[in-house]
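1. need a structure here:
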Amino acid sequence: MKNVAQDSVAAGTGSLLWNHNLSLEQREQNARDRYANGLLGTLSFPDRVSTEPELERTLRLPRLPRLSGESSLFATCMNPECHTNWLRLWRRRQIPRFEGQWACSAACMEVFVSKAVLRELNSDMPWAPQPHRHRMPLGLILLGQGIISEEQLRQALESQRTSGKGRIGIWLMRLFGLSEERVTRALAQQWGCPLYQVVAHQPESVATLVPRLFLDSFGLLPLRVAGGKVLHLGYEDRINAAAALAIGRMTGLRVETGVVPSTQYLRAHERMMDAAYPRTVLTEASSAQMAIEKITQAVERIRPHAARLVRLHQYLWLRLWRTPINSAEPRSAAHDTPGTPLPVPRIHQVEDLLCRFTGNDSAIE
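-> As a prediction, the model looks like this:
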């Protein structure tokens, strides 16, 4: 009588289906039977294999490339150095996924995470926001436009120097009654960016795009997503291009930055800070290996349908999607390709891990 748990060979693919209910001895005996029938090719077996790692080392089956349109049931580990994924059918073949890759074990997942962490730590992004020296100071822009006189500029600079604080635009508004919009327009010209007006701002529609900590630490103000492809990101007085780049890589959206009048910015930023955000876990790592371990543990714990890693200054930002990104194609990895626009997630769909890297250059190797 045929064993109902007998393994079979998938037609046309050569992939082996192994019943996870079989004991270790039954799997070994089935493998011996297949070898006898010429299904496994040339394999040698010891008299007895006592532990599963030994069996894995013995049965080094060649990995088969995943065919286009192939069912996830036949998926193989995407780690090119892995040869043991066939023994792990108790691990779901759709998840966990990290940057579009599926791993058959935590060890293989750590290989993917290691490459991503080292990629981010060795990128050209500065470790902290950098001061920016403009070719044309704001006061000279206003002077050139005829909005202020040389004497007014001199008085404003003297007041700024005496107090030791405050932007020159604030002093010009305080001393000579310049309108906030005039100063902000000159600021936009200085940065070469548009002036954004905060109209009908809905914090809940953009709160899931960026962790709350980044809004507070780097002065970000997500305003709106236009056409499902463009994120308008506002700043009060200085543009952080590194932050815009990291957010664009994480969300797949094209990020356009601009300045917002201070009064509007402060009101909108306060509303954003009071909005509800996805769950965020904060941690620290003093070495690349520590960061790799913590990120791998998070991926293995949550077992996401998709995950991405980017660095924003000293933070390694890991975003994990608990649910399929596209419910119509739950097994597709196409939507986890970096640069592909992703839908704006709901709060329950994603979770963020922010790993603050405190190591030095010698730890990044």
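2. quick one, helices of this protein?
-> All helices of the chain, identified by DSSP state H, fall at 24-36, 52-58, 106-121, 138-144, 150-163, 168-176, 180-191, 212-218, 241-251, 262-274, 288-302.
3. Convert the longest one to PDB, retaining C-alpha atoms only.
-> When you say that, I think you mean helix 106-121. What follows is helix 106-121, C-alpha atoms only, in PDB (Å, rounded to 0.1, in the frame of the first residue of the first chain):
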ATOM      1  CA  ALA A 106      17.200  32.800  10.400                       C
ATOM      2  CA  ALA A 107      20.800  32.100   9.400                       C
ATOM      3  CA  CYS A 108      20.000  32.800   5.700                       C
ATOM      4  CA  MET A 109      18.000  35.900   6.700                       C
ATOM      5  CA  GLU A 110      21.000  37.200   8.600                       C
ATOM      6  CA  VAL A 111      23.000  37.000   5.300                       C
ATOM      7  CA  PHE A 112      20.500  39.300   3.600                       C
ATOM      8  CA  VAL A 113      20.400  41.700   6.600                       C
ATOM      9  CA  SER A 114      24.200  41.800   6.800                       C
ATOM     10  CA  LYS A 115      24.500  43.000   3.200                       C
ATOM     11  CA  ALA A 116      21.800  45.600   3.700                       C
ATOM     12  CA  VAL A 117      23.300  46.900   7.000                       C
ATOM     13  CA  LEU A 118      26.800  47.200   5.600                       C
ATOM     14  CA  ARG A 119      25.400  48.900   2.500                       C
ATOM     15  CA  GLU A 120      23.700  51.500   4.600                       C
ATOM     16  CA  LEU A 121      26.600  52.100   7.000                       C
END
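4. from the chain's centre, how far out does that helix sit?
-> Mean C-alpha position of helix 106-121 versus that of the full chain (C-alpha atoms, centre = their mean, to the nearest Å) differs by 13 Å.
5. List of residues touching it?
-> With C-beta atoms under 8 Å, 6 or more residues apart in numbering as the test, helix 106-121 has contacts from 77-79, 81-82, 85, 96, 98-99, 101, 103, 288, 291-293, 295-296, 299-300, 309-311, 316, 357, 364. Using the backbone N, CA and C atoms, a C-beta is placed for each residue, glycine as well.
6. picking that back up, would you mind giving the helices of the chain as JSON lines with mean pLDDT, distance to Val198 and mean neighbour count added?
-> Formatted as JSON lines, these follow (pLDDT from 0 to 100; distance: least, C-beta to C-beta, whole Å; neighbours: other C-beta atoms under 10 Å):
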{"stretch": "helix 24-36", "mean pLDDT": "56", "distance to Val198": "63", "mean neighbour count": "15"}
{"stretch": "helix 52-58", "mean pLDDT": "40", "distance to Val198": "59", "mean neighbour count": "14"}
{"stretch": "helix 106-121", "mean pLDDT": "95", "distance to Val198": "32", "mean neighbour count": "20"}
{"stretch": "helix 138-144", "mean pLDDT": "91", "distance to Val198": "21", "mean neighbour count": "18"}
{"stretch": "helix 150-163", "mean pLDDT": "92", "distance to Val198": "27", "mean neighbour count": "14"}
{"stretch": "helix 168-176", "mean pLDDT": "91", "distance to Val198": "18", "mean neighbour count": "18"}
{"stretch": "helix 180-191", "mean pLDDT": "92", "distance to Val198": "12", "mean neighbour count": "20"}
{"stretch": "helix 212-218", "mean pLDDT": "95", "distance to Val198": "14", "mean neighbour count": "17"}
{"stretch": "helix 241-251", "mean pLDDT": "95", "distance to Val198": "18", "mean neighbour count": "20"}
{"stretch": "helix 262-274", "mean pLDDT": "95", "distance to Val198": "4", "mean neighbour count": "16"}
{"stretch": "helix 288-302", "mean pLDDT": "96", "distance to Val198": "35", "mean neighbour count": "20"}
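7. Select, out of those, the one closest to Val199.
-> Among those, helix 262-274 comes nearest to Val199, with 9.0 Å by C-beta to C-beta.
8. That closest one vs helix 168-176, what angle?
-> Relative orientation of helix 262-274 versus helix 168-176 (axes from the mean of the first three to the mean of the last three C-alpha atoms, to 10 degrees): 130 degrees.
9. what is the orientation angle of helix 262-274 with helix 180-191?
-> 80 degrees.
10. Can you spell out which helices and strands pack onto helix 262-274?
-> helix 180-191, helix 212-218, strand 221-226, strand 230-235 (3 or more C-beta pairs under 8 Å, 6 or more residues apart in numbering; DSSP states H and E).
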